[in-house]
Every structure is written in C-alpha cells, then in structure tokens.
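Chemist: sequence unknown, structure follows:
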C-alpha cells in the first residue's frame, strides 16, 4: 500500500523515531498536516526540527514510523514523494557565482523541463518574486532577502504542492521577513501546503494554522496559536481607576485580585474570553463601580514556548496535544 487513506492530509506521520548513536532526536512523534494549510514546528535549537524536515523530505531515513507525504508512503515510494515536494533550508541553495536567471534555468534543467518551458517558468517566477531587474546579475550581489526569494522561487520551479521551509527567514531584516510572509500566504491561498520550522515565534503566530511544540524528542503540545496560549497560566484583565475610593471599592468587590496601589490598578485572573470579561463588568456594575480603563492581557507564544521547553517546565503535567 503506497497511498494514505486520508487524502485530506498532505503529511501524516505516526510513531516517527530517529536516533543518532545513543541520543534519541525524535521519540515516536505523530504529525497530521491538512492539505492547503501552514503547519509550524517549534522547538529549541537541537530539538529535532531539521531532522524531521530531512526525514519527511527523503533526505535521511527514519528509524521507525508510518510516514506519508503527498499521499505517498515515504519508504515504499520516495520518488513520488520527491516529485510532490519542494524544500527551502535555512542555508540558501543559491549559487552565488551565476546569475539569478541561471540559477532558475539550472533548476528547470534538474526538473527535466523542455528548454522553452523552463525559460517561461523561470521568467514568471522571477517576476512573481520581484527579481526581474536583478535576473542578469550574479546572485552573490543579492541582499539576504533577495537570495531567500530566489531560493524559494527555485523551489517552486517544479510546482510542488507541499513545501518544507526550514527556518526560511533566519537572518532577514523585519521588512524582508514580512515580505516573505506575504509570499507564503499567497502560496497557501493557491492550495500549497507549507511545513514551516522557525525560531521566530511571531512568525508561527502570524502564519500557522496549527503549531506543534517539539521538546526532548516529543510533541509537548499541539493546536492553533490561540489554543496553545490558553494552556499557559497568566492571562488577566487589568482594571485601572482614577480615584482611590473607586479603586478601593472595586478591590473589595472583586475576589482574587492583584493590587497595584500606586497605579490604582487591579489585575483579575482571566482567560480573556468574552464570557469572563462580561462577568467581571457585570459584577462591578452590580456594586456601582466603573473602571476608567480596561485592558486584556493574554499569554503569547513566547510564554507557551518557555513554559513547554524551559528547564523548569511549569506545564510538565500538561504535555498533551490540544485537540
């Protein structure tokens, strides 16, 4: 059997395991990536993110696991997998000694495209990635952002439906990073599936439909960004008052508050939901107190990351997938 029973999944991995010597890098992880979505794998350096990408893109073999990519069984039909995917690593595959156009045409030759079609595809992608003006210049003269765009353009020559992006914006300035995000969103809108590893938590928050946090070779948690943020304690509503009497009345009326007497502000534990917010406001209203300023503070992915991967793991008892 060489095709997955779930055609809606672009990537399906069960029990993925890999060890180097005595060190287990991936300890039986499960992954399910729906087609046409962005799936982000987060984790500290050395957590196994790049190893997972190398296995799923057929560059190295797994020690164990039932793995499907693009509907093809990884072990039984690796050639079909390679035909369905594209890979852009954290280190550019661009040859700096030749021009951007020559890099594109070389990739077209590797995909065995007829010469005329290869030139057409190269020209279209160079235009799409705003590299036409630099096409005749040696790639060594390109900025970091231009090289990354060229690298991704080269990946798209074979029209892959699944793309592995291994830390694609590492080292880019904020503007170039945002430009790359726009390109990734366009790809997904066109039906491409993106498997993204990144060290930028903001990037995963911006792009990913689902996120998995990898730690010590296991998936510590998985879900949407909002689902992951809700498993971390620390969310609260901050109420600020301009008058000390109103502040004191609110502090007396509300339970389990943290006081800031200097700022005349109260912090009320909350998951930030509309229901909880309404409950706090209704309670204040019932005792005739009105806050002058209200702000909702919810944990971000940084909080999630540190809670799940830090040495003093405060969520060690909740390492379950958020489904």
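Modeler: Sure, I can see it. Here the structure is a predicted model, which is why all the values come from computation and not from measurement.

Chemist: hey, let's count contacts and neighbours off CA atoms from now on
Modeler: OK.

Chemist: Give me the phi and psi angles of residue 99.
Modeler: As for residue 99, its main-chain torsions (degrees, to the nearest 10) stand at phi -70, psi 170.

Chemist: what's the spacing between the nearest residue to it once chain neighbours are set aside and residue 51?
Modeler: The spatially closest residue to residue 99, leaving aside those adjacent along the chain, is residue 138, at 3.9 Å (C-alpha to C-alpha, 6 or more residues apart in numbering). With the distance defined as C-alpha to C-alpha, to the nearest Å, residue 138 ends up 32 Å from residue 51.

Chemist: And for residue 162?
Modeler: In terms of C-alpha to C-alpha, residue 162 sits 17 Å off from residue 51.

Chemist: same check, this time on residue 86
Modeler: Relative to residue 51, and taking C-alpha to C-alpha, residue 86 is found at 16 Å.

Chemist: which of the two has more neighbours?
Modeler: residue 86 (22 against 19; other C-alpha atoms under 10 Å).

Chemist: So for that one, what's the pLDDT?
Modeler: Residue 86 is assigned 91 on the pLDDT scale.

Chemist: Please pull up the helix or strand immediately following the strand or helix carrying it.
Modeler: Secondary structure assigned from DSSP states H and E places residue 86 in strand 85-88. The helix or strand immediately downstream of strand 85-88 is helix 100-110, counting by DSSP H and E.

Chemist: For residue 43, give its distance to residue 165.
Modeler: 15 Å.

Chemist: Repeat that for residue 89.
Modeler: Here the distance between residue 89 and residue 165 works out to 6 Å (C-alpha to C-alpha).

Chemist: neighbour-wise, which of those two wins?
Modeler: Neighbours of residue 89 and residue 165, each counted by other C-alpha under 10 Å, are more numerous for residue 165; the result is 23 against 20.

Chemist: a helix runs through that one, doesn't it?
Modeler: No: counting by DSSP: H, G, I helix; E, B strand; the rest coil, residue 165 falls outside a helix, being strand.

Chemist: which intervals of the stretch 1-150 of the chain have sub-threshold pLDDT?
Modeler: Under the criterion pLDDT under 70, the flagged ranges of the stretch 1-150 of the chain are 1-7, 90-92.

Chemist: just the strands in it please.
Modeler: With DSSP state E, counting those that start in this stretch as the definition, the stretch 1-150 of the chain shows strands at residue ranges 9-20, 23-34, 38-42, 64-69, 72-73, 85-88.

Chemist: Identify the residues contacting the first one?
Modeler: When contacts are taken as C-alpha atoms under 8 Å, 6 or more residues apart in numbering, the neighbours of strand 9-20 outside the stretch itself are 24-36, 62-71, 162, 193.

Chemist: so what's residue 287 scoring on pLDDT?
Modeler: At residue 287 the predicted local distance difference test score is 82.

Chemist: Phi, psi for it please.
Modeler: Per degrees, to the nearest 10, the residue geometry at residue 287, taken as phi and psi, is phi -110, psi 10.

Chemist: Verify the stated contact: it with residue 253.
Modeler: Yes: with contacts defined as C-alpha atoms under 8 Å, residue 287 counts as touching residue 253 at a distance of 7.3 Å.

Chemist: give me the number of residues near residue 168?
Modeler: With neighbours defined by other C-alpha under 10 Å, the count for residue 168 comes to 24.

Chemist: same thing with residue 203?
Modeler: As a measure of burial, residue 203 has 18 neighbours, counting by other C-alpha under 10 Å.

Chemist: mind starting the numbering at 40 from now?
Modeler: Sure, I'll start numbering at 40, so the last one becomes residue 242.

Chemist: Quick one: residues contacting it.
Modeler: residue 220.

Chemist: what mean pLDDT does the biggest helix by length in the chain have?
Modeler: Taking DSSP state H as the criterion, the chain has its longest helix at helix 213-228. Here the mean pLDDT over helix 213-228 is 90, rounded to a whole number.

Chemist: do stretch 231-249 as well
Modeler: 92.

Chemist: Would you enumerate the residues in contact with residue 277?
Modeler: For residue 277, the contacting residues are 304-307, 333-336, taking C-alpha under 8 Å, 6+ apart as the criterion.

Chemist: and it, helix, strand or coil?
Modeler: The three-state assignment at residue 277 reads strand, by three-state DSSP.

Chemist: With residue 295 instead?
Modeler: With three-state DSSP as the basis, residue 295 sits in coil.

Chemist: where's the closest residue to it other than its chain neighbours, which helix or strand?
Modeler: Nearest residue to residue 295 in three dimensions, chain neighbours excluded: residue 307, at 6.7 Å (C-alpha to C-alpha, 6+ apart). Under DSSP H and E, the secondary-structure element containing residue 307 is strand 304-308.
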